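*Asks:* give me the fold of what follows.
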Amino acid sequence: MNRKFDSGRRSFLATSAAAGFYIATSKAADVKAGVKGGSGPVVDTASGKLRGAIDGKVMSFKGVPYGASTEGARFLPAARVQPWTGVRDALELGPASPQVPSNLIPEAMALQPKSDANGTEDCLHLNVWTPGTKGKRPVMVWFHGGGYSAGSSNWRLYDGANLAAKQDLVVVTVTHRLNVFGYLHVADLGGAKFANAANVGMLDCIQALQWVHDNAASFGGDPSNVTIFGQSGGGGKVTALLGMPPAKGLFHRVIAMSGSLVRATPRDRATQGTTALMAQLGLKPNEVDKLQQVPVADMLKAMRATQALQLSPVIDTRALPEGPFDPVATALTEGIPLMIGSTETEVTWSVNTDYTMPDDAGLVRRAKQALRTDDAAAAKVVAVYRKNRPKPSNLDLALIIETDASNFRTGTDTIAERKAALKKAPVYKYYFQWYSPVREGKPRSYHTLDIPFVLNNVDIAQAMTGTGPDRQPLSDKMSGAWAAFARSGNPNHKGLPQWSPFNSDTRATMIFNNECRAVNDPWKEERMARAEVRPA
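*Replies:* Numbers count the residues shown, from 1 in each chain. Sure thing, here's the model as predicted:
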């Protein structure tokens, strides 16, 4: 690591946290850690000793604080954890950030703990699974989905024990501030006290990575070999981190699954949204101090009622100076290998998905709406899809076209193209095509379905995957590829055909299904037909 840059980052984090430090010390860490006894493994960390548990073939350490509570320091960068004495038990998952319910389909929602509904502002915790505390294993750090507004690392779907055990890795999952608590931009409204109150949800992620850097060796991990990965909002977070100078050197490879951040929100637009939220609460723009005192439930209620609010990473001269991939990939990404991809029918993730079988005219109407074009252009695109995919029904074609037009596909495609254009580190592109049998197959290859295959949790996630014998072989191939990439920046292993890096000429892509195939520029004609479409 560049020692000068590491020192600068620590200074950045310390300076950012200083304004809130006097009120943001962790209540849990300020007192002596309780010692409940037991014979679980004990490790030394920079803040004190932790006692974990034996979790199958690995050790687990849950609910580990990586930052102080933000209660009383809302919107400010988190302070560091105060050291504790004695041995602190790390046996239970920590609380989620305050949030509102998601509209994920029930197959996925079944794996979210009910406790997430009781999120608090003391949510900066992470979980660690490791096969042993000796050695120097690759470290994989997972950032959860839910956009920037929902979710936590507590979902059973994200349990890291199986991936850690089977692939001999250290797996870390992170919970951080979300929605108005993590992404409300008050830096341009609150004066000197809130000058650093921008992107604090992302600064939480950086603080978690700093914790990993400082403590990985105690868990048998290699701090010089860290891969960050995430799905949906987690994909957005890891691609945002690629553009954040304070995160430089804290990770060495990136995997973005069905999520991306091509460009960040402009400051003025973010400030307009904050002003609208404050008006909803009866506050003036210069009353940020009063905004800190609003009860959590009222903050969430106002958030849902404010249409102008855009809660996502914001252009910020200190932490996120430009869009990570807009108009090109930032130079910060140059030496970092990337794996990125999406699922075939991402749009079937929502309870609001339209499963009505369209007739031919209805298919054109859905394509027209998805592509935001006119009837003639939509009909041309539909004709190309029907030619290249003669077997799928009109409903299948509608869902694929709607996915191809969505940011789930366009964002990941754009990042792959712009990152590969740098020609400084390899990019590996994938396309997940396996269809779930649950609910008579209606959800198809939906958003989130690749997660249990990557984390080797297909049995935990039977509500999503069913119970068929084809699940584990595919999981072995996918989790093996993710682990191989974490080790070397190259996902190839003996269970897959040769997977070449992506570039704008060949557009090499690995298609994951019961039969995995390496294909150059799959569905090229469809891609070119969409590229010719102009908004109506």
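*Asks:* all contacts plus neighbour counts: C-alpha atoms, from now on.
*Replies:* Noted.
*Asks:* beyond the lengthiest strand in the chain, next helix or strand please.
*Replies:* Counting residues, the longest strand found in the chain (DSSP state E) is strand 221-231. Toward the C-terminus, strand 221-231 is succeeded by helix 233-241 as the next helix or strand (DSSP states H and E).
*Asks:* next SSE after that next one?
*Replies:* strand 253-257.
*Asks:* gap between residue 53 and residue 125?
*Replies:* Distance, residue 53 to residue 125, using Cα to Cα, to the nearest Å: 17 Å.
*Asks:* which one of these two is surrounded by more residues?
*Replies:* With neighbours defined as other Cα atoms under 10 Å, residue 53 and residue 125 compare such that residue 125 has more, 25 against 20.
*Asks:* show me the contacts for that one.
*Replies:* 63, 64, 65, 66, 67, 94, 95, 174, 175, 176 (Cα atoms under 8 Å, 6 or more residues apart in numbering).
*Asks:* what's the answer for residue 365, then?
*Replies:* 375, 378.
*Asks:* ok, now with 10 Å
*Replies:* 358, 359, 371, 373, 374, 375, 378, 379, 398 (Cα atoms under 10 Å, 6 or more residues apart in numbering).
*Asks:* show the pLDDT at it.
*Replies:* Residue-level confidence at residue 365 comes out at 98, pLDDT.
*Asks:* same check on the one 4 residues further on?
*Replies:* The predicted structure scores residue 369 at 97 on the pLDDT scale.
*Asks:* next one: the one 3 residues further on
*Replies:* As summarised for this prediction, residue 372 has a pLDDT of 96.
*Asks:* count the neighbours of it for me.
*Replies:* 16.
*Asks:* residue 462: which of the contacts of residue 365 is nearest?
*Replies:* Here the nearest of the contacts of residue 365 to residue 462, counting by Cα to Cα, is residue 398; it sits at 26.9 Å.
*Asks:* in the protein, what spans have low per-residue confidence?
*Replies:* 1-38, 536 (pLDDT under 70).
*Asks:* so which residue is dead centre in it?
*Replies:* What sits nearest the mean C-alpha location of the chain, by Cα atoms, centre = their mean, is residue 234, with 0.5 Å.
*Asks:* surely that one and residue 158 touch.
*Replies:* No: Residue 234 is beyond contact range of residue 158, at 11.8 Å (criterion: Cα atoms under 10 Å).
*Asks:* could you tell me the end-to-end distance of stretch 150-161?
*Replies:* By Cα to Cα, the extent of stretch 150-161 from end to end equals 23 Å.
*Asks:* would you mark the buried spots in it?
*Replies:* Buried residues in stretch 150-161, defined by neighbour count with 16 or more other Cα atoms under 10 Å: 150, 151, 152, 153, 154, 155, 157, 158, 159, 160, 161.
*Asks:* and the furthest pair within the residues you listed?
*Replies:* 150 and 161 (23.2 Å).
*Asks:* ok so, going back, filter the contacts of residue 365 to the buried ones?
*Replies:* For the contacts of residue 365, buried by 16+ other Cα under 10 Å: 358, 371, 373, 374, 378, 379, 398.
*Asks:* out of the residues you listed, who's nearest residue 249?
*Replies:* So of the buried ones among the contacts of residue 365, ranked by how close each gets to residue 249 (Cα to Cα), first place is residue 371, at 39.3 Å.
*Asks:* now do the contacts for the closest residue to the closest one other than its chain neighbours.
*Replies:* Leaving aside its sequence neighbours, residue 371 sits nearest to residue 405 (Cα to Cα, 6 or more residues apart in numbering; 5.9 Å). By Cα under 10 Å, 6+ apart, the contact set of residue 405 is 367, 369, 370, 371, 372, 399, 411, 530.
*Asks:* find the nearest non-adjacent residue to the fifth one, please.
*Replies:* The spatial neighbour of residue 372 that comes closest, neighbours along the chain excluded (Cα to Cα, 6+ apart), is residue 535 at 5.3 Å.
*Asks:* show me the protein divided up by domain.
*Replies:* 3-336, 340-531 (automatic domain parsing).
*Asks:* residue 94 contacts residue 63, doesn't it?
*Replies:* Yes: assessed by Cα under 10 Å, residue 94 is found in contact with residue 63 at 4.3 Å.
*Asks:* how about the nearest residue to residue 132, chain neighbours excluded?
*Replies:* residue 220 (5.8 Å).
*Asks:* again, but for residue 517
*Replies:* Setting aside the residues directly before and after it, residue 517 is nearest to residue 511 in space (Cα to Cα, 6+ apart), at 5.2 Å.
*Asks:* how much space between the one you found and residue 160?
*Replies:* Residue 511 is 24 Å from residue 160, by Cα to Cα.
*Asks:* got it, and residue 122?
*Replies:* Distance from residue 122 to residue 160, by Cα to Cα: 22 Å.
*Asks:* burial check on the nearest residue to residue 324 once chain neighbours are set aside, number of neighbours?
*Replies:* Nearest residue to residue 324, sequence neighbours excluded (Cα to Cα, 6+ apart): residue 243, at 4.5 Å. Residue 243 is flanked by 26 other residues according to other Cα under 10 Å.
*Asks:* residue 243 contacts residue 325, correct?
*Replies:* Yes: in this structure, residue 243 is within contact of residue 325 by Cα under 10 Å, at 8.0 Å.
*Asks:* what's the overlap in contacts for those two?
*Replies:* With Cα under 10 Å, 6+ apart as the test, residue 243 and residue 325 both reach 261, 262, 263, 264, 331, 333.
*Asks:* returning to that earlier point: what residues are shared contacts of residue 234 and residue 158?
*Replies:* 142, 143, 144.
*Asks:* quick one: which of these is nearest residue 485?
*Replies:* Nearest member of the shared contacts of residue 234 and residue 158 to residue 485, counting by Cα to Cα, is residue 142, at 14.4 Å.
*Asks:* check the offset of stretch 439-447 from the chain's centre.
*Replies:* Remark: stretch 439-447 is offset 22 Å from the chain centroid, using Cα atoms, centre = their mean, to the nearest Å.
*Asks:* ok, residues contacting it?
*Replies:* Against stretch 439-447 from outside (Cα under 10 Å, 6+ apart): 104-105, 107-108, 231-232, 257-259, 342-351, 353, 355, 396, 399-400, 403, 408, 432-438, 449, 463-464, 466.
*Asks:* what does stretch 378-385 contact?
*Replies:* Contacts of stretch 378-385 (Cα under 10 Å, 6+ apart): 360-361, 363-372, 376, 386, 388-389, 392, 394, 397-398, 400-401, 523, 525-533.
*Asks:* how does it look with 7 Å?
*Replies:* 364, 367, 368, 525, 526, 529, 530 (Cα atoms under 7 Å, 6 or more residues apart in numbering).
*Asks:* what bridges to residue 175?
*Replies:* Under the criterion DSSP bridges, residue 175 forms beta bridges with residue 125.
*Asks:* so how many other residues sit close to it?
*Replies:* Applying other Cα under 10 Å, I find that residue 175 has 29 neighbouring residues.
*Asks:* for it, what are its contacts?
*Replies:* So residue 175 contacts 96, 123, 124, 125, 126, 152, 153 (Cα under 7 Å, 6+ apart).
*Asks:* do you know how far it is from residue 97?
*Replies:* From residue 175 to residue 97 the distance is 7 Å (Cα to Cα).
*Asks:* shared neighbours of these two, which are they?
*Replies:* residue 123.
*Asks:* what packs against whichever strand or helix holds residue 411?
*Replies:* For residue 411, the enclosing helix or strand under DSSP H and E is helix 407-421. Applying 3 or more Cα pairs under 7 Å, 6 or more residues apart in numbering; DSSP states H and E, one finds that helix 407-421 makes contact with strand 338-343.
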